[in-house]
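Undergrad: Give me coordinates for this.
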Amino acid sequence: MLSILYVILCGIALPVGGVQMQYLWRNQLGDIYSLGLGSAACLGAATATMTGWCSLTMGAFICQAACAVIVSLVALRLDTSRLITFGILFGTFVGSIGTIVVTNAPTGDLLRQYYLWGAANFKLEGVTTADVMASLAMFSAGLAVALLCAKRLTMHYKGEIELSNASKAGLLFMTSVLVTSVVSICGTIGFVSLGIPNLARVIIRPGDIRKQYALSSAMGTALLLVTYIVVEKCNFGIYLPVSATMALIALPLMVVLFRKKSGQDF
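TA: Numbers count the residues shown, from 1 in each chain. You can find the predicted model right below:
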């Protein structure tokens, strides 16, 4: 049951985070991982796994939180375009450190443990009750802020208002909290945070962000549930990582995404 719960939480948190980034940046390429969150989670998980200083999940929590603080502070000084560039470069820097840590793994078992987390799964091996409680608290806080700020974020996207750098920094931090709540537990899961929000745009034109939240969450949860069933029940006797399996399942959806009408607002 706990695995199913995290399938649902991932199906909500990652698309909602992606929609927030697209509306905040007024750009369809806005993505939660562009700020270095994925790289930070991997670095934290790798360091914790290889050194044993804390659990893998807690290491990902801590490193992602540190990344969120840094990006939020930078957001107070940079405009949106430069913040995106900073996020990409910062993520590359953090990812490079993570690669060094992983390639110096002391044993093959530790390397395998890290890899299976990094490829994403819903097995929740080594996840403690404290990890789950912290994760649920972060998810609740991040989602609550997303809903409370929905009207202002919609107005910002439409150009009716311009959010201050302080407001943007606060939203970025809380979006990071929402994403961290699931990534630190289940690993980094791609496509669902970028592809799903863009698929939702094909069905519902950008406008009220709450409608985008609802549709993206429904689509994200459905895709992850199908992926979970395939991974657990139709795996042909081999281990299927969630991220790789979902990418294969989602491939046909890319046809829908790129066969939009000419001139359609994307």
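Undergrad: what's around residue 108, how many residues?
TA: Neighbourhood size, residue 108 [other Cβ atoms under 10 Å]: 8. Backbone N, C-alpha and C define where each C-beta goes, glycine included.
Undergrad: how near is it to residue 180?
TA: Relative to residue 180, residue 108 is positioned 29 Å away (criterion: Cβ to Cβ, to the nearest Å).
Undergrad: Also residue 196?
TA: 19 Å.
Undergrad: and what of residue 145?
TA: From residue 145 over to residue 180 (counting by Cβ to Cβ), the distance is 13 Å.
Undergrad: more crowded one of those two?
TA: Between residue 145 and residue 180, counted using other Cβ under 10 Å, the more crowded position is residue 180 (30 against 18).
Undergrad: secondary structure element for that one?
TA: Assigned by DSSP states H and E, residue 180 belongs to helix 165-186.
Undergrad: quick one: average confidence on that helix?
TA: When pLDDT is averaged along helix 165-186, the result is 90.
Undergrad: Adjust the sequence numbering to begin at 59 for everything that follows.
TA: Noted, 59 is the first residue going forward, which turns the last one into helix 223-244.
Undergrad: Where does residue 132 sit, in terms of helix or strand?
TA: Residue 132 belongs to helix 114-133 when elements are defined using DSSP H and E.
Undergrad: Just the buried positions in that helix, please.
TA: 114-123, 125-126, 128-130, 132-133 (16 or more other Cβ atoms under 10 Å).
Undergrad: any chance you could map the helices in the stretch 209-324 of the chain?
TA: Taking DSSP state H, counting those that start in this stretch, the helices of the stretch 209-324 of the chain run over residues 223-244, 253-261, 267-291, 300-316.
Undergrad: looking at the ones you listed, which is buried most?
TA: Comparing the helices of the stretch 209-324 of the chain by mean neighbour count (mean count of other Cβ atoms under 10 Å), helix 223-244 comes out on top with a mean of 24.
Undergrad: Off-centre distance for that one?
TA: 9 Å (Cα atoms, centre = their mean, to the nearest Å).
Undergrad: relative to helix 267-291, how tilted is it?
TA: 20 degrees (axes from the mean of the first three to the mean of the last three Cα atoms, to 10 degrees).
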